[in-house]
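>>> pasting the sequence and the predicted model now:
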Amino acid sequence: MDSDSVFASVVRAPEDPILGVTVAYNKDTSPNKLNLGVGAYRTEEGKPLVLKVVQKAEQYLVNDQSQIKEYLPIVGLADFNKLSAKLIFGADSPAIQQNRVTTVQCLSGTGSLRVGAEFLARHYHQLTIYIPSPTWGNHPKIFNLAGLSVKTYRYYDPSTRGLNFQGLLEDLGAAPSGAIVLLHACAHNPTGVDPTLEQWEQIRQLMRSKRLLPFFDSAYQGFASGNLDADAQPVRTFVADGGECLAAQSYAKNMGLYGERVGALSIVCKTQDVASRVESQLKLVIRPMYSNPPIHGASIVATILKDSNMYNEWTVELKAMADRIISMRQQLYDALSAKGTPGDWSHIIKQIGMFTFTGLNSEQVAFMTKEYHIYMTSDGRISMAGLSSKTVPHLTDAIHAAVTRFG
Amino acid sequence: MWRYMMRRCSSSTSARKLGLWWDRVGPATKDPITGVTESFLADSSPNKINLGVGAYRDDEGRPVVLRCVREAEARIAGSEFLESVSAAVSSKFVEESVKLVYGNDSDVVKEGRVAGVQALSGTGACRLFAEFQRHFHPDSRIYLPDPTWSNHRNIWKDAQVPERTFHYYDPDSKGLNFSALIDDVKNAPDGSFFLLHPCAHNPTGVDPTEEQWREISYQFKVKNHFPFFDMAYQGFASGNLDKDARAIRIFLKDDHLVGCAQSFAKNMGLYGHRVGCLSILCADSNQVGSIRSQLQRIARAMYSSPPVHGVLLVSTILSDPYLKSLWIEEVKTMANRIRRMRTTLQDSLERLDPPLNWEHITNQVGMFCFSGLTPDQVDRLAREFHIYMTRDGRISMAGVTTGNVSYLANAIHETTRYDQEDKILCNV
């Protein structure tokens, strides 16, 4: 009875570095432990947050007996798609009004990126994508598996803890014509470093002159500044120049719908006819992947976006989340300054969005985890959303100790 | 790493000049199954019937949300944990799911030898497996039954696993071509990967008998083939969940280490929620963690994690004895209605004194009937009678109701009688 498995040689895959942090955190029994790993929003009490407007929308759906659970079309919920495009590109976007945009519902940001990348790998002529250095850990894996070749462009400057703008322009300038360029629409992950509007304008001009194809990853619209329109500005200026681009949207963070996997991929095309053909090809990517997208999360989002009262409620709750994060930044900065921790910590308040790239090295990070039970990714990225007024002092002490010990 | 061969078009320079990246993108062919629903929706006739997609309808032709699902919805609404399901819920989901296919008391479950992960319904489970297969057996192929669900071919193709087919359906008998099937099993290279429909074969509705399954399992053992089951209709074939899993349990008895894609789309009516489970049996429990981690890695680069809502619903239903027994009852009701429609349709046709034999309508099993209608006849049914089905003549019996069965029988009769008469005339 020797049934040897044909998969006997399968070795265990390495833990995802980001999710692995939470795994380690969960195992820790210290009462002082602090999880600054995954970029999921937490309240001042350290709890996950279900937005009131989301609960309202969900309750409305549950009570609506006419709600059925049939398959969505391959491209997803139509209302959701239209509203998502309006959210990122602006309701008055000429591209939308001219029907030049195809939007398909996908599984959050990851799913949108993967579907877009698969489409490009089949239909685009330049199969290289440039991603910023550093970027979200899952980006290179998504693009590689989709069939694209991945290169990087300089982005983060460790010495200033800000943008290496010169390096960015040089690297994009040296890219082959037509190459795809991944751009974080706002609140860069993991660094929190965003170009200024002037810098974005220069990037746009360079990219258009070199025929580089922009692929926006918009995972934090509304989270950066607290204002949905302001956070979408870079994307909108690209679309306003009449050129083409791709945009992946996620509702994981800004609607707190993480687990429901709600997102959208939009491709802005030159003409309506092209957009229609592109959409038909996107369907061929999606059908053999999962046939059609999940209904629940998209229904919630559509319910909120199409009702002006609910939409307003959402913007208020979103701003509150963004404001709390901004306040955490200020509190941490103030605490480190007050303690006299060596080094310039102004990047904490200059960086934007969910994450701060502290500048701590892996040795310091390991120390903080071991001695202070503080969990973060080894690149020194902390999720500001995981902090509260109560835990800022603990983190300050830990950073101070780490920097003075291993400075 | 693969590439689609790019046509290095000389017109690409001018295309770039005009910023016209996508001019060469041609319109894709419509999906043969979902395309049917699109045509149906565009039709304004009051008599129209959709016999395309395999989604259950009640006798008024309406989609159904099961009572057990509504109850579960009410229970989980507003639940705090929308970020991800807890590890506990996730393992419970997998445990309860695999018990459905492998049996409540199966050794593999008791011994912890099932590597299972949540997947995006049946499609997602098949795709995860296909990618896993390619990664760890890059030179392998997939043997698909002829015919099979059209999307199976797309799934393995996109995962870059070449396909082969094995004989399955016999158009003459409108039943199983068993001897040819066994020949193909024997002639395939040792250790080949086969996709099997454990019950309610899609699109034909033709299932092997228990005896035939035993023979297939035996031959698989001799050849050391890998059996991958696509279980999309458990409960829909006979109305009984255990009975419908018989084929898989026969294989288990023979110590096969099978793989299985499960879908809750049809039997729980959770179509749009995309809930399914992929399981792979291991020789020992140590392997389970490795295989799960590799599957999750593939999923991570595709969609990170599956949606929470559906898994919460399934887990709630399967873990609660009351809800589970309610569900079992509701599955039986759905299966029974379909069987009644088969009988009614066949009776209605036979009353019209047709030239053709319609016994296969009640011989075949599950959601679909492989009618034997030709593409031309299918087109005519759509054009003249506003009745929609896939061009291979597959009828979704779920779309048949007491209200439309006579109209359907007449339409089919009209469409087929003259062709038959033409055939007879030609033979004179």
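On my side now, so go ahead.

>>> where in chain A is pLDDT low?
A:1-3 (pLDDT under 70).

>>> recalculate using a threshold of 50.
Low-confidence segments of chain A (pLDDT under 50): A:1-2.

>>> so residue B:405 makes contact with residue B:348?
Yes. At 5.8 Å, residue B:405 counts as touching residue B:348 under the criterion of Cβ atoms under 8 Å. Any C-beta I mention is one placed from the backbone N, CA and C, and that applies to glycine too.

>>> mind listing what's buried in the helix or strand hosting residue B:325?
Following DSSP states H and E, the helix or strand that holds residue B:325 is helix B:321-351. Residues of helix B:321-351 classed as buried by neighbour count (16 or more other Cβ atoms under 10 Å in any protein chain shown): B:323-324, B:326-328, B:330-332, B:334-335, B:337-339, B:341-342, B:344-346, B:348-349.

>>> one more: stretch B:249-267?
Neighbour-count burial for stretch B:249-267 flags B:249-252, B:256-267 (criterion: 16+ other Cβ under 10 Å).

>>> wait, which of these is closest to chain A?
Distance to chain A, by Cβ to the nearest Cβ, is smallest for residue B:257 among the buried residues of stretch B:249-267, at 5.1 Å.

>>> verify the stated contact: the closest one with residue B:114.
No. If you go by Cβ under 8 Å, residue B:257 and residue B:114 don't touch, sitting 10.1 Å apart.

>>> mutual contacts of the two, please.
Both residue B:257 and residue B:114 are in contact with B:280-282, where contact means Cβ atoms under 8 Å, 6 or more residues apart in numbering or on different chains.

>>> out of those residues, name the ones that lie in strands.
Among these, the members found in strands (DSSP state E) are B:280-281.

>>> near chain A, which of the shared contacts of residue B:257 and residue B:114 show up?
For chain A, the contacts drawn from the shared contacts of residue B:257 and residue B:114 by Cβ under 8 Å from any Cβ of the partner chain are B:280-282.

>>> with pLDDT as extra columns, can I get these in CSV?
Compiled in CSV, those are given as follows (pLDDT from 0 to 100):
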residue, pLDDT
B:280, 97
B:281, 96
B:282, 94
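
>>> quick check: of those, which lies closest to chain A?
Closest to chain A out of those is residue B:282 (5.7 Å), distances taken as Cβ to the nearest Cβ.

>>> list phi and psi for that closest one.
Dihedral pair for residue B:282: phi -110, psi 160, per degrees, to the nearest 10.

>>> list the residues that contact whichever residue of the stretch 51-200 of chain A sits closest to chain B.
Nearest to chain B, among the residues of the stretch 51-200 of chain A, is residue A:107, at 3.7 Å (Cβ to the nearest Cβ). Shown in contact with residue A:107 (Cβ under 8 Å, 6+ apart): A:261-263, A:290, A:293-294, B:120, B:302-304, B:307.

>>> isn't residue A:114 up against residue A:139?
No. Applying Cβ under 8 Å, one finds residue A:114 not in contact with residue A:139, separated by 10.6 Å.

>>> who has more neighbours, the two?
With neighbours defined as other Cβ atoms under 10 Å in any protein chain shown, residue A:114 and residue A:139 compare such that residue A:114 has more, 26 against 23.

>>> for residue A:336, what are its contacts?
Applying Cβ under 8 Å, 6+ apart, we find residue A:336 in contact with A:345, A:348, A:396, A:399-400.

>>> switch the cut-off to 10 Å
Residues counted as contacts of residue A:336 (Cβ atoms under 10 Å, 6 or more residues apart in numbering or on different chains) are A:342-346, A:348, A:392, A:395-396, A:399-400, A:403.

>>> just those: which are in helices?
Among the contacts of residue A:336, the members found in helices (DSSP state H) are A:348, A:392, A:395-396, A:399-400, A:403.

>>> picking that back up, how far away is the residue of the stretch 51-200 of chain A closest to chain B from residue A:60?
23 Å (Cβ to Cβ, to the nearest Å).

>>> between the contacts of residue A:336, which is nearest chain B?
Using Cβ to the nearest Cβ, those come closest to chain B at residue A:395, 22.1 Å.

>>> hang on, isn't the closest one packed against residue A:368?
Yes. Counting by Cβ atoms under 10 Å, residue A:368 is a contact partner of residue A:395 at 8.5 Å.

>>> who has more neighbours, those two?
residue A:368 (28 against 25).

>>> show me the shaky parts of the stretch 1-150 of chain B.
The stretch 1-150 of chain B contains residues with pLDDT under 50 at B:1-20.

>>> okay, strands next: where are they in it?
Secondary structure of the stretch 1-150 of chain B by DSSP state E, counting those that start in this stretch: the strands cover B:49-50, B:114-119, B:142-146.

>>> partner strands of the first one and their direction?
I take that to be strand B:49-50. strand B:387-388 (parallel) (DSSP bridges).

>>> between residue A:114 and residue A:139, which contacts overlap?
residue B:301.

>>> now do the residue nearest the centre of chain B, the pLDDT please.
By Cα atoms, centre = their mean, chain B has its centre lying nearest to residue B:232, at 4.5 Å. pLDDT recorded at residue B:232 is 96.

>>> OK, contacts around it?
By Cβ under 10 Å, 6+ apart, the contact list for residue B:232 reads B:54, B:121-123, B:125-126, B:149, B:197-202, B:261-267, B:276, B:366-367.

>>> for it, give its distance to residue A:282.
Residue B:232 sits 24 Å away from residue A:282, going by Cβ to Cβ.

>>> cool, residue B:32 as well?
18 Å.

>>> mind listing what's buried in the helix or strand harbouring residue A:183?
Element membership of residue A:183, judged by DSSP H and E, is strand A:180-184. Neighbour counts over strand A:180-184 (16+ other Cβ under 10 Å) mark A:180-184 as buried.

>>> and the residue nearest to residue B:378 when sequence neighbours are not counted, how many neighbours?
Of all residues not flanking residue B:378 in the chain, residue B:391 sits nearest, at 5.1 Å (Cβ to Cβ, 6 or more residues apart in numbering or on different chains). Residue B:391 has 16 neighbours, counted by other Cβ under 10 Å.

>>> burial check on the closest residue to residue A:230 other than its chain neighbours, number of neighbours?
Nearest non-adjacent residue to residue A:230, counting by Cβ to Cβ, 6+ apart: residue A:224, 7.7 Å away. Residue A:224 is flanked by 24 other residues according to other Cβ under 10 Å.

>>> hang on, residue A:224 in a strand?
No. Counting by DSSP: H, G, I helix; E, B strand; the rest coil, residue A:224 falls outside a strand, being coil.

>>> residues contacting it?
Counting by Cβ under 10 Å, 6+ apart, residue A:224 touches A:184-188, A:192, A:194, A:230-232, A:322, A:325-326, A:352-354.

>>> restricted to helices, list these.
Per DSSP H, those map to helices at A:230-231, A:322, A:325-326.

>>> nearest to chain B among the residues you listed?
residue A:325 (17.1 Å).

>>> next up, the contacts around the closest residue to the closest one other than its chain neighbours.
Counting by Cβ to Cβ, 6+ apart, residue A:384 is the residue found nearest to residue A:325 once chain neighbours are left out, at 4.8 Å. With contact taken as Cβ under 10 Å, 6+ apart, residue A:384 is in contact with A:36, A:39, A:41-42, A:192, A:324-329, A:331-332, A:348, A:351-356.
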